[in-house]
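A.B. asks: Okay, predicted coordinates and the sequence, questions at the end:
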Amino acid sequence: MNKFSKVCLLLAVACSLLAPTAYTAIIKGKATVNAEAVAGVEVMAYPAKLLTFNPPAPHISAATATDGLFALELPEGQYYLLARGKELSAYYGRNPITVPEKGLDNVNLLLTSDNLAGPQEEAAIETGIVGRVSLDGQPVENAIVTVYTDLSSQLKGMGLGMAAPTDRQGYFELPLSSGTYYLVVRVRQSGQMVGPLKAGDLFGYLPYNPLVLTAERLARVHIPLIEVPVKIERHAASLFGNTLVTGRVLDTQGAPVAGIKVLLYEDPMMLNRPLFVSRETSDNGSYQLSFPKGGRYYIAARSELGGTPAPGELYGRYQGSADHSIEIITGKVLESIEIVVDEVY
């Protein structure tokens with residue numbers, strides 16, 4: 001081996017020692033219906049980089065036993081978790097999740113029936129989707145059904161569009177042309193149209209998403225809902241990754257402001273949909289925002305979500321740097337990031 005080859009070998013070894021090592025971790029949890037364990041359920045994981053659930057899942061657990069417990073080993077990354085059993089299915093409401101190196105425990109997949117009959121009454125539309133939304137067999141009024149064409153938005157935000165809120169019978173109509181669609185239902189007790197779901201809110205996912213519509217077809221669907229449990233809210237602070245920003249939101253007088261959401265962006269203008277949104281600040285103005293990877297991000301806080309800040313809204317950008325940015329290393333915690341909000345005029 002000549003001197004040049006030895007130098008190249010030494011450099012390669014040094015780089016391999018410095019490079020972060022990929023890991024695998026285990027996701028553990030339970031498949032349940034009405035708090036009862038369910039056997040025969042397979043849990044599937046799709047990498048978040050995929051834009052469709054049509055291909056077979058690259059990661060599938062063994063079928064659950066009578067205790068409903070599952071374990072699934074996954075490489076480092078972000079994943080959507082879904083589950084299927086006999087006439088039952090589940091979509092984890094906090095998808096996509098980030099797999100931390102230590103793994104995740106107590107992931108509860110709440111299964112619902114996937115063979116409920118769609119509405120049969122005469123529709124006002126000729127092509128598209130008509131459907132019913134229910135919770136424990138009872139129709140749900142004022143549910144918002146959102147349509148997405150693929151997974152590029154991670155089934156969050158406004159999507160392609162929304163149906164009018166469901167009526168007293170849980171009925172909705174969506175005039176759509178032929179294509180492939182994902183349907184997601186949300187009912188926020190606050191009445192807001194956007195933002196993270198809280199304990200007590202309702203969430204639903206069409207069991208056989210994506211739905212493929214052909215020309216001249218009227219699809220009739222039924223979407224069952226689940227109630228967001230308190231446990232999900234407790235885990236939300238770290239569910240999206242082990243890279244954390246914590247701090248407080250204050251008013252111009254230095255007093256803490258409750259009920260404010262902190263938003264993380266990758267673009268300095270902060271005009272596009274945020275990458276991640278915190279839960280509302282507590283009474284002392286504190287917040288915690290988790291995400292998968294470190295880097296340079298831009299951070300703001302506001303009392304409402306969607307569109308540009310409107311008059312009367314509380315809004316502010318991080319002032320600790322000239323461009324409102326923060327820098328953070330993957331897996332680290334950036335503490336005491338304070339954001340001052342003021343009323344928009």
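C.D. replies: Cool, the structure landed.

A.B. asks: does the nearest residue to Leu211 once chain neighbours are set aside count as helix, strand or coil?
C.D. replies: Setting aside the residues directly before and after it, Leu211 is nearest to Tyr181 in space (C-beta to C-beta, 6 or more residues apart in numbering), at 5.2 Å. No exception for glycine: its C-beta is placed from N, CA and C like everyone else's. Recorded secondary structure, Tyr181: strand (DSSP: H, G, I helix; E, B strand; the rest coil).

A.B. asks: and Tyr181, how many neighbours does it have?
C.D. replies: For Tyr181, the count of nearby residues is 22 (other C-beta atoms under 10 Å).

A.B. asks: Could you check how far it is from Glu338?
C.D. replies: To Glu338, Tyr181 is 42 Å away according to C-beta to C-beta, to the nearest Å.

A.B. asks: Likewise for Asn106?
C.D. replies: 33 Å.

A.B. asks: So for those two, which residue has more residues nearby?
C.D. replies: Legend: neighbour count by other C-beta under 10 Å for Asn106 and Glu338, higher for Glu338 (16 against 10).

A.B. asks: Is the more buried one in contact with Val249, as I believe?
C.D. replies: Yes: distance between Glu338 and Val249: 7.5 Å, which falls inside the contact criterion (C-beta atoms under 8 Å).

A.B. asks: thinking again about what came up before, who are the contact partners of the residue nearest to Leu211?
C.D. replies: Ile129, Val147, Tyr148, Thr149, Leu160, Pro210, Leu211, Val212, Leu213 (C-beta atoms under 8 Å, 6 or more residues apart in numbering).

A.B. asks: now do Gly128
C.D. replies: Glu173, Leu174, Pro175, Leu176, Ser177, Leu213, Leu218, Ala219.

A.B. asks: quick check, the first one in a strand?
C.D. replies: Yes: the assignment for Glu173, made by three-state DSSP, places it in a strand.

A.B. asks: Who is it paired with across the strands?
C.D. replies: Glu173 forms beta bridges with Val130, as assigned by DSSP bridges.

A.B. asks: any idea how far Glu327 is from Tyr80?
C.D. replies: Distance from Tyr80 to Glu327, by C-beta to C-beta: 29 Å.

A.B. asks: Same drill for the two, tell me which one is more crowded.
C.D. replies: Tyr80 (20 against 10).

A.B. asks: Surely the more buried one is in contact with Gly93?
C.D. replies: No: the pair Tyr80 and Gly93 fails to qualify as a contact (C-beta under 8 Å) at a distance of 11.1 Å.
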